[in-house]
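In: Sequence first, predicted model second:
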Amino acid sequence: MTTTEKAPALQVEGLTKSYSLGTSWLSKVLRRGSSTLTALDGVDLELRRGEVLALVGESGSGKSTLAKILVGSTGPTSGTVQHDGVVAGKRDRESSRRVQMVFQDPYSSLNPRLTVGAVLAELLRLHDVVPRSEVRAESIRLLGLVGMEADVLDAYPSQFSGGQRQRLAIARALAVRPDVLIADEPVSALDVSVQATILELFARLRAELGLSVLFIAHNLAVVQHLADRVAVMYLGRIVEVAPTAELFSSPRHPYTRALIDSIPRMTAGSVNDEFELDGEPPSPYDVPSGCRFHPRCPLADDGCRATDPALLTIGPARLSACLKADELATIPLPDTTATELPR
C-alpha cells in the first residue's frame, strides 16, 4: 500500500483552540480573572479508514469545536489536522468535498426555500459529481441510500418530520461523495423512537460506502452498538480512547466510568454507590491545576491535584489520562445488560 493508503482518514496532533474574551463587565465576571477561554487543549486523535469513532462528553467539553476545525469552518490556534496523511491547508473545494458534516438540528440544517431536488442538484453541479444530464438520476440514488423515494424531490423541508429531515441532511452530505462524515449530535434532537433508525442508517452507510465516521454524542448508550472505538472528552482534552466493548466492560478513566454509570437502566444493581461523582464541571475560564477532573473524582489524591496526566498507552489499543487507571479497574461496574435503544 502507498503511504496515503496506510494513513488514517483524519488525524489531529496537539490541537488547541483559544478564544479571547471581551472587556465588558459581564465578560470580566464570567472569566473570573482569565482573559482567554481554551476550548481545546492539546487534542490528539485519529479516525481510521472505514471505522466509526464515537466522540463523547458533556456539553462544553469541546466536541463541536473539534468538529468545526475538522471540516474547516474554523481554524485551530495551534496543532495540525491531516487528511490521508497530508496536513490540511487552506480550505478549498476539494477539501470541502472530502469531509462533510451532519448537523444536530434537522430543522435548521436545510434551506426552507429550496426543494429537496434543488438542494441536491446544487451540490452535484457545484462539485461536478456527475454530468448535468444525470443530476436527477443521481439525486434519486442518494435518496434511495437514506431510505426515501424519488417523489420527495419536489417537496420542501417543512413537509417532513424530524427523522425524515435528518435523512435528507445525510443525503445532502453524501451528495459530494465524501471520504469522512462527521455527525455532530445527529440524533439528540430526535424522538427516542426515531434515534435507532438513524443509527442503523449510519451503520448501513458505513458498510455500503466504506465511509469513515466521527460520531459525536453526549450519551454513551447512543453509540454503544454503533462505534468501533470510543474517545472520551472532558474540558478540552481526550481522557480515554478504547475499543467500544473494552471501554464498556472496563473503563480506565473515572469520567468514562461516570458516563457509563449515568446510562438509565431498569435492572437491579444498576446503581453503584461505591463510585459517585461530586459537584459540577469546572468553569472553562478557570481550569483546575493538575488533573482537570480531580475536583469531581472520588479517587483523587494529592498526586492527582499536582500532576496533569498525559494520554498514555495502558494496553493494546487503549489510551488513558489517569493516574488511577489500575485502581479504577478493581471497582465493580453496575449491571450493563439493559442499555439497548428502543426499536
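Out: All right, it came through fine. None of the values given here were measured: they were computed from a predicted structure. Residues are numbered from 1 along each chain as shown.
In: C-alpha only now, for contacts and for neighbours.
Out: Fine.
In: Grab the longest helix from the chain for me.
Out: Counting by DSSP state H, the longest helix found in the chain is helix 192-209.
In: before we move on, what SS does the closest residue to residue 211 other than its chain neighbours have?
Out: Nearest residue to residue 211 in three dimensions, chain neighbours excluded: residue 50, at 5.2 Å (C-alpha to C-alpha, 6 or more residues apart in numbering). Residue 50 falls in the coil class when you classify it by DSSP: H, G, I helix; E, B strand; the rest coil.
In: what sits against residue 50?
Out: Contact partners of residue 50, counting by C-alpha atoms under 8 Å, 6 or more residues apart in numbering, are 206, 210-213.
In: ditto for residue 280
Out: Residues in contact with residue 280, defined by C-alpha under 8 Å, 6+ apart, are residue 296.
In: pLDDT at it, what is it?
Out: As summarised for this prediction, residue 280 has a pLDDT of 79.
In: Three-state assignment for it, please.
Out: Look at residue 280: counting by three-state DSSP, its state is coil.
In: And it, how far from residue 56?
Out: As for residue 280, its distance to residue 56 is 17 Å (criterion: C-alpha to C-alpha, to the nearest Å).
In: same thing with residue 298?
Out: Remark: distance between residue 298 and residue 56 (C-alpha to C-alpha) = 21 Å.
In: cool, residue 328 as well?
Out: In this structure, residue 328 and residue 56 are 20 Å apart, going by C-alpha to C-alpha.
In: Neighbour count for those two, which is higher?
Out: Set side by side, residue 328 and residue 56 show more neighbours around residue 56, with 26 against 19, by other C-alpha atoms under 10 Å.
In: does that one really touch residue 227, like I thought?
Out: No - the pair residue 56 and residue 227 does not pass the contact test of C-alpha atoms under 8 Å, sitting 11.1 Å apart.
In: Now do whichever strand or helix holds residue 213, average pLDDT.
Out: Assigned by DSSP states H and E, residue 213 belongs to strand 212-217. Average pLDDT, strand 212-217: 95.
In: For it, output the C-alpha coordinates as PDB.
Out: Written as PDB, here are the backbone C-alpha positions of strand 212-217 (Å, rounded to 0.1, in the frame of the first residue of the first chain):
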ATOM      1  CA  SER A 212     -15.100   6.800   8.000                       C
ATOM      2  CA  VAL A 213     -17.500   8.300  10.500                       C
ATOM      3  CA  LEU A 214     -16.800  10.500  13.500                       C
ATOM      4  CA  PHE A 215     -20.000  10.300  15.600                       C
ATOM      5  CA  ILE A 216     -20.300  12.900  18.300                       C
ATOM      6  CA  ALA A 217     -22.600  12.300  21.200                       C
END
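In: how about the strands in the stretch 51-200 of the chain?
Out: According to DSSP state E, counting those that start in this stretch, the stretch 51-200 of the chain carries its strands in the segments 52-56, 78-83, 86-87, 99-102, 180-184.
In: hang on, the earlier thing: now do the strand holding residue 213: which elements does it pack against?
Out: With contacts defined as 3 or more C-alpha pairs under 8 Å, 6 or more residues apart in numbering; DSSP states H and E, the packing partners of strand 212-217 are strand 36-47, strand 52-56, strand 180-184.
In: Partner strands of the longest one, with direction?
Out: On the basis of DSSP bridges, the sheet neighbours of strand 36-47 come out as strand 10-20 (antiparallel).
In: Give me the buried stretch members for the strand it pairs with, please.
Out: By neighbour count with 16 or more other C-alpha atoms under 10 Å, strand 10-20 contains the buried residues 10-12, 15-17.
In: Make sure residue 251 is indeed in a strand.
Out: No - remark: residue 251 does not belong to a strand; assigned using three-state DSSP, it is coil.
In: what number of residues lie near the closest residue to it other than its chain neighbours?
Out: Leaving aside its sequence neighbours, residue 251 sits nearest to residue 257 (C-alpha to C-alpha, 6+ apart; 5.6 Å). Residues near residue 257, counting by other C-alpha under 10 Å, number 22.
In: mind listing what residue 210 touches?
Out: Each residue near residue 210 by C-alpha under 8 Å, 6+ apart is listed here: 49-50.
In: give me the number of residues near residue 278?
Out: By the measure other C-alpha under 10 Å, the count of residues near residue 278 is 10.
In: Could you do residue 281 as well?
Out: The tally of other residues near residue 281 (other C-alpha under 10 Å) stands at 17.
In: which residues does it contact?
Out: Under the criterion of C-alpha under 8 Å, 6+ apart, the contact partners of residue 281 comprise residue 296.
In: Begin at 486 from now on, thanks
Out: Let's use 486 as the start, then, which means that last one is residue 766.
In: and it, backbone torsions?
Out: Backbone torsions for residue 766, taken as degrees, to the nearest 10, come to phi -60, psi 140.
In: ok, now how distant is it from residue 690?
Out: Counting by C-alpha to C-alpha, the gap between residue 766 and residue 690 amounts to 36 Å.
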